[in-house]
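In: Next come a sequence and a model predicted from it.
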Amino acid sequence: MTRKTVLALALSVAVALLAAATIIVRLGQRSGRHLPPQAATRGGMTVLQPPPDLTAFTLRDTRDHRFGLPQLRGRWSFVYFGYTHCKDVCPATLATLERLRRLVGGRAHGIQYVFASVDPRRDSLPVLTRYLARFNPGFLGVTGNNRELEIFARQMGVFYQSGSPHERTGYDVGHSDEIFLIDPRARLRAVFSSPAHVHTLAQGLKTLQDEG
């Protein structure tokens, strides 16, 4: 492993920890209480204690249905934020999630995989549908306008920034590249740093399922 790779991995873990702390502090601020950040890192997985409840948001999914808290309740959800023009990290992460699906199952096993686009100018619902079909047609794409996306993303500690608003094509979108695990009560339970490995994701899911 090169020094550059080591530094990149260390930075990813630090970002995940910072996101966890930010989320829990915000939860405490909303409740009017001081809630100190608590996060336990286990081999690339940062577990949030206590797990913060997500608050209401509204997006649209690739079935052109409303997507919000009701669609997260009752199942485990792996959520990743990216965009379809991403050249490397996003396709690699979606390929990892497809390997995970083959290992632990999908919606029939109470697990869903959500790809939230942070590039609403280019990623229409049909574009998202075609893109996700390359990995698994059962993956759910969601998006909305910038304000709607921000409401969801900031609860997860996700940061993203688009290219120049004057550019219609050919721009990149900088974004966080962690994978988030939401439990059936719509609580953010864990953050997986990049690059996430299939067995880390599977073991993390099993551990948290066992904990309830």
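Out: Here it is on my side, so go on.

In: Tell me where the chain has helices.
Out: 3-31, 69-72, 89-104, 125-133, 146-155, 198-211 (DSSP state H).

In: Could you give the average pLDDT over the fourth one?
Out: In this model, helix 125-133 has an average pLDDT of 97.

In: tilt between it and helix 89-104?
Out: Per axes from the mean of the first three to the mean of the last three C-alpha atoms, to 10 degrees, the angle that helix 125-133 makes with helix 89-104 is 60 degrees.

In: Begin at 571 from now on, thanks
Out: All right, first residue 571 from here; so that's helix 695-703.

In: CA-only coordinates of helix 695-703 in PDB, if you can.
Out: C-alpha atoms of helix 695-703 as PDB (Å, rounded to 0.1, in the frame of the first residue of the first chain):
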ATOM      1  CA  LEU A 695     -35.400   9.900 -13.400                       C
ATOM      2  CA  PRO A 696     -35.100   8.200 -16.800                       C
ATOM      3  CA  VAL A 697     -31.400   8.800 -16.800                       C
ATOM      4  CA  LEU A 698     -31.100   7.300 -13.300                       C
ATOM      5  CA  THR A 699     -33.200   4.300 -14.300                       C
ATOM      6  CA  ARG A 700     -30.900   3.500 -17.300                       C
ATOM      7  CA  TYR A 701     -27.800   4.000 -15.300                       C
ATOM      8  CA  LEU A 702     -28.700   1.800 -12.400                       C
ATOM      9  CA  ALA A 703     -29.900  -1.000 -14.700                       C
END
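
In: gap between the closest residue to residue 648 other than its chain neighbours and residue 691?
Out: Once flanking residues are discounted, residue 648 sits nearest to residue 683: 5.2 Å by C-beta to C-beta, 6 or more residues apart in numbering. C-beta: built from backbone N, CA, C; applies to glycine. Residue 683 is 24 Å from residue 691, where distance means C-beta to C-beta, to the nearest Å.

In: shaky segments in the chain?
Out: When residues are selected by pLDDT under 70, those of the chain lie in 571-610, 733-739.

In: on that earlier part again, quick one: which of residue 683 and residue 691 has more around it?
Out: Neighbour count, other C-beta atoms under 10 Å: between residue 683 and residue 691, residue 683 has more, with 24 against 17.

In: any idea how far residue 712 is from that one?
Out: Where residue 712 is concerned, residue 683 sits at a distance of 11 Å (C-beta to C-beta).

In: and if you look at residue 676?
Out: According to C-beta to C-beta, residue 676 and residue 712 sit 16 Å apart.

In: Settle it for me: which of these two has more neighbours?
Out: A direct count of neighbours by other C-beta under 10 Å for residue 676 and residue 712 places residue 712 higher, at 25 against 17.

In: what sits against the more buried one?
Out: Residue 712 makes contact with 629, 630, 631, 632, 637, 684, 685, 686, 687 under the criterion C-beta atoms under 8 Å, 6 or more residues apart in numbering.

In: Not counting its neighbours along the chain, what's nearest the fourth one?
Out: Think residue 632. Closest to residue 632 by C-beta to C-beta, 6+ apart is residue 711, at 4.1 Å.

In: That concludes my questions; thank you for your assistance.
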